[in-house]
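> Here's my sequence, what's the structure:
(2 chains)
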Amino acid sequence: MNNRFAVTDLMLSWSIPFTVLIFWYVITLGQSSISLFPPPNDVGNAVIRLLKDGTLAKNIEISTMRATAGFVIGGIIGFLLGVINGQFRLAEKILNTPIQMIRNVPHLAMLPLILIWFGIGETAKIVLISLGTFFPIYLNTFHGIRYVDNSLIEMGKTYGLTRFEVFKDIIFPGSLSSIMIGIRQSLGRMWLTLIVAETVAAKSGIGFMATNAREFMLMDVIVLSLLIYALLGSISDFAAGLIEKRVLRWHPNYRKA
Amino acid sequence: MSNGKGFEINIQNLSKFFGDVRVLKNINLTVEPGEFVALVGQSGCGKSTLLRLISSLESPTNGQITLNSAPVKKINPAVRYLFQEARLLPWKTVWENVALGSKERSKEKAVNALKEVDLENKAEEWPSVLSGGQKQRVSLARALAGEPKLLLLDEPLGALDALTRINMQILIEKLWKEQGFTVVLVTHDVNEAIYLADRVVLIEDGEIALDKQITLARPRVKDSNFAYFERLILDRVMKNDEAVESETVDRIYAI
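As a prediction, the model looks like this:
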């Protein structure tokens, strides 16, 4: 790929965040941190302060761990159930109705129940995030598998592929683009659920940091928390994009010109 | 031409119903080892169903099919099926697709098969960059990679443009001569059937209406003899109500 274009692309994709930053700096010029909207340099100072006492790194780490653990557990369960229901009609008949019933209850509404069952420890947050990330991956895996081109499966059968080979070589790769959509949706829900869980009931993490800062009117820390969420979200989306490019590299839409 | 590498097909009293609809009725047909047989007929006559039965993609309602005296019960790895569409896996490279046809999935065999169809320079490409004719040649290579004894062709050239079609016909004839497998070709193109086949079998409403040996020398040129056979079979296809069946058969055998 041409390097000059890569630089241009990078500049274009960051042009709006950068403009907002300048705009933010200009309109908050001369204000102090007690005001309702702190200037960027206050937030910058907060970063240095929190880095020095180690709370920033610790909170980012714990939030990332929660998000990852919940996502991995929810994702694996969603994927496996999607595969089983996509492959076996009987399993679909038995499992689909209860899954749809649970799906129609917003997973955040389960928060009180989960808090009572699991307390405000790590388990409760991971369970809630798993619940939130499970459905998009389940649904997209299921539909991806169901809509794999049947003529390719027939071809696999006439060429003597075993059931497992048909899955490995045809059904799974054929549903990957759909599964990737599920993963991206799940990542969005992962951060959303994390924020709610950490805001409502936590003693650590970015959400706790923001809630705690509200108690002391530390506007710079609140804004910083929001920025960290935005950053973590774009990092995870970027990573998903890279994986997508890799696993779907055969797809004409992903091929570099 | 045949060096004993092809399967003999024996079809006895074969019937196939889809629900109450009779698709094939009491078919009896023998195909010699290494023979090239074309099944022609109007769409919906049951010729593709017959092919699917031979490959055991469907199972017969009555009667049986044997390959070298062994009844067809499940997919036979020595029988390869070519579909109307290439049906390549878009997420596998060209050689990986071809390797699917050989049991051990060896790259060497795949590349050799690609050489046969003159596409070894595309081995590392994705199928999506190939043209329609190239895709169909790759699927032919995939069928060849398994060293088939019987090749079932279900209108594999139907979707190709005229020039690509002619090239594919020449290629199929060449490979058939070299490798000696038996071929059953389903087509609605009578011209193509006469160009390629030793024998043309016309199927009408699920029954064999005509079974005609094509006595032209190979490689076939489209001269007046060729036109004669074409006229003969086309007339039979189009005017199936007019001529009395026995008369037609008599006339054919008188030639």
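> drop to CA atoms for contacts and neighbour counts, all remaining ones
Noted.
> Tell me the residue of chain B that sits nearest chain A?
Proximity of chain B to chain A (CA to the nearest CA) peaks at residue B:91, 5.2 Å away.
> can you confirm that residue is in a strand?
No: using DSSP: H, G, I helix; E, B strand; the rest coil, the assignment for residue B:91 is coil, not a strand.
> and the closest residue to it other than its chain neighbours, how far is that from residue A:147?
Once flanking residues are discounted, residue B:91 sits nearest to residue A:250: 5.2 Å by CA to CA, 6 or more residues apart in numbering or on different chains. Distance of residue A:250 to residue A:147, computed by CA to CA, to the nearest Å: 18 Å.
> re earlier: could you pull up the residues touching the residue nearest to residue B:91?
B:90-92, B:126, B:128 (CA atoms under 8 Å, 6 or more residues apart in numbering or on different chains).
> where's the closest residue to chain B within chain A, which helix or strand?
The minimum distance from chain A to chain B, using CA to the nearest CA, falls at residue A:250 (5.2 Å). Residue A:250 belongs to no helix or strand when assigned by DSSP states H and E.
> Low-confidence stretches in the stretch 1-150 of chain A?
A:1-4, A:31-35 (pLDDT under 70).
> quick one, helices of it?
Taking DSSP state H, counting those that start in this stretch as the criterion, the stretch 1-150 of chain A carries its helices at A:3-27, A:40-52, A:55-87, A:89-103, A:111-118, A:122-146, A:150-158.
> ok, back up a step: nearest to residue A:194, of the contacts of residue A:250?
Checking these against residue A:194 by CA to CA gives residue B:91 as the nearest, at 35.3 Å.
> Pull the contacting residues for that closest one.
So residue B:91 contacts A:173-174, A:248, A:250-251, B:126 (CA under 8 Å, 6+ apart).
> Tell me how far it lies from residue B:110.
Residue B:91 is 17 Å from residue B:110, by CA to CA.
> next one: residue A:84
Taken as CA to CA, the span from residue A:84 to residue B:110 is 33 Å.
> same question, residue B:228
41 Å.
> So between these two, which is more surrounded?
Taking neighbours as other CA atoms under 10 Å in any protein chain shown, residue B:228 and residue B:110 compare with residue B:110 leading, 28 against 12.
> Nearest the geometric middle of the chain, what residue?
With no chain named, the answer covers chain A. Among the residues of chain A, the one closest to the centroid is residue A:187, at 1.5 Å (CA atoms, centre = their mean).
> hmm, I had chain B in mind actually
residue B:185 (2.0 Å).
> Parallel or antiparallel, which strands does the helix or strand encompassing that one pair with?
Using DSSP H and E, the element containing residue B:185 is strand B:182-186. Applying DSSP bridges to the sheet, strand B:182-186 is found paired with strand B:36-40 (parallel), strand B:150-154 (parallel).
> Quick check: next helix or strand after the last one?
Sequence-wise, the next helix or strand beyond strand B:150-154 is helix B:162-179, with elements assigned using DSSP H and E.
> gap between that next one and the chain center?
12 Å (CA atoms, centre = their mean, to the nearest Å).
> again, but for stretch A:203-210
The mean C-alpha position of stretch A:203-210 is separated from the chain mean by 18 Å, CA atoms, centre = their mean.
> Chain A contacts on the stretch 1-150 of chain B?
Contact residues, the stretch 1-150 of chain B versus chain A (CA under 8 Å from any CA of the partner chain): B:55, B:57, B:75-77, B:80-81, B:87-92, B:100-101, B:126, B:128.
> Which of the residues you listed fall in strands?
Mapping the residues of the stretch 1-150 of chain B next to chain A onto strands (DSSP state E) picks out B:80-81.
> now the residues of the stretch 1-150 of chain B next to chain A: which count as buried?
Taking 16 or more other CA atoms under 10 Å in any protein chain shown as the criterion, what is buried in those is B:55, B:57, B:75-77, B:80-81, B:87-92, B:100-101, B:126, B:128.
> contacting residues around residue A:144?
Per CA under 8 Å, 6+ apart, neighbours of residue A:144: A:174-179.
> does the nearest residue to residue B:195 once chain neighbours are set aside count as helix, strand or coil?
Once flanking residues are discounted, residue B:195 sits nearest to residue B:220: 6.1 Å by CA to CA, 6+ apart. Three-state call for residue B:220 (three-state DSSP): coil.
> tally of neighbours for residue B:220?
Count around residue B:220 with other CA under 10 Å applied: 12.
> ditto for residue A:213
Residue A:213, neighbours per other CA under 10 Å, totals 17.
> Kindly report the same for residue B:230.
Neighbour tally, residue B:230, other CA under 10 Å: 20.
> list the contacts for it?
B:190-191, B:194.
> give me that answer again for 10 Å
B:189-195, B:222, B:224, B:236 (CA atoms under 10 Å, 6 or more residues apart in numbering or on different chains).
> average model confidence for the helix or strand hosting it?
With elements taken from DSSP H and E, the one containing residue B:230 is helix B:224-238. Mean per-residue pLDDT for helix B:224-238: 85.
> now do stretch B:94-112
Per-residue scores along stretch B:94-112 average to 89.
> repeat for stretch B:64-81
Mean predicted confidence for stretch B:64-81 is 87.
> gap between the residue nearest to the centre of chain A and residue A:240?
The gap separating residue A:187 from residue A:240 is 9 Å, by CA to CA.
> With residue A:158 instead?
36 Å.
> Looking at those two, which is more packed in?
Higher neighbour count among residue A:158 and residue A:240: residue A:158, with 22 against 17, using other CA under 10 Å.
> Quick one: residues contacting the spatially closest residue to that one that is not a sequence neighbour.
Once flanking residues are discounted, residue A:158 sits nearest to residue B:75: 6.1 Å by CA to CA, 6+ apart. When contacts are counted by CA under 10 Å, 6+ apart, residue B:75 is found next to A:157-161, B:54-57.
> quick one, phi/psi of residue B:75?
phi -60, psi 130 (degrees, to the nearest 10).
> what about residue 210, helix or strand, and which?
Because you didn't say which chain, this covers chain A. helix A:206-215.
> Let me rephrase: I mean chain B.
Using DSSP H and E, the element containing residue B:210 is strand B:207-213.
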